[in-house]
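**Student:** pasting the sequence and the predicted coordinates here, then a few questions.
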Amino acid sequence: SVDLPFGIRVEAEVEREDPSRRRPGAPEAEPIIQFTLEKTRLGPLGRAGALLAYAVPVLDAAALAPPTDPWIPLLQAAQVWYAVPFGTLGFFILLSALSQNYALPYAIRYNMRQAIMIDIAVSIPSLVSSLIGAASGQPAGLPQEVQTLLFLATFATLAYCVLCNVVGILPKGIPVISESAEQQSGPRW
């Protein structure tokens, strides 16, 4: 069990198979997915800094949002984000440089690195589509259905990261991306 802020307690229980019902010589079942919850030890200002890193993938994913009513403010924010010449590239480089600053707490560096990885993952489908379009002479771009699917997947991933940071847990549940971010975040001191 893990005690979280605000009096929240997370408990997990694993149901063990009755050994008498198992075939003789059959191996014990292994869990399909297993990860641990790790507290961040960040105060409110540190958590805000960790959350700020996710602004880059949010605004980059906003370009994929469906042009419907609930997403209009996000689309407008993305237009401002892309209106600054080389602003996205500059902020991406700044975020990358800060994620390697060992003077910052590990949790902030980890979240910055993970935000960079999510941003790269969001950009790959559009980049591939543009390259294929340029090579074939066809107009570049992903179909709206694919864009919406990518946006919703990214939105759910970022909502998970934000929720984990708000309650003070490192968001380590994203396959491949979390493992890579942990390996690249440096020492934990």
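**Tutor:** Alright, I've got the coordinates. Given the structure is predicted, the values throughout are model-derived calculations rather than measurements.
**Student:** for the protein, longest helix please?
**Tutor:** helix 106-136 (DSSP state H).
**Student:** helices or strands next to that helix in the packing?
**Tutor:** Under the contact definition 3 or more C-beta pairs under 8 Å, 6 or more residues apart in numbering; DSSP states H and E, helix 106-136 sits against helix 44-52, helix 55-62, helix 87-98, helix 144-167, helix 177-184. (Each C-beta comes from the backbone N, C-alpha and C, glycine too.)
**Student:** low-confidence stretches in this structure?
**Tutor:** 1-36, 140, 189 (pLDDT under 70).
**Student:** could you check how far residue 102 is from residue 186?
**Tutor:** 6 Å (C-beta to C-beta, to the nearest Å).
**Student:** the more surrounded of these two?
**Tutor:** residue 186 (16 against 11; other C-beta atoms under 10 Å).
**Student:** the helices and strands packed on helix 106-136: which one's closest to residue 117?
**Tutor:** With C-beta to C-beta as the criterion, residue 117 lies closest to helix 177-184 of the helices and strands packed on helix 106-136, at 4.5 Å.
**Student:** buried residues in the closest one?
**Tutor:** Within helix 177-184, the residues scored as buried using 16 or more other C-beta atoms under 10 Å are 177-178, 181-182.
**Student:** same deal with stretch 54-65?
**Tutor:** Across stretch 54-65, burial judged by 16+ other C-beta under 10 Å covers 54, 56-65.
**Student:** what's the answer for stretch 118-135, then?
**Tutor:** In stretch 118-135, the ones that count as buried by 16+ other C-beta under 10 Å are 118-119, 121-123, 126, 129.
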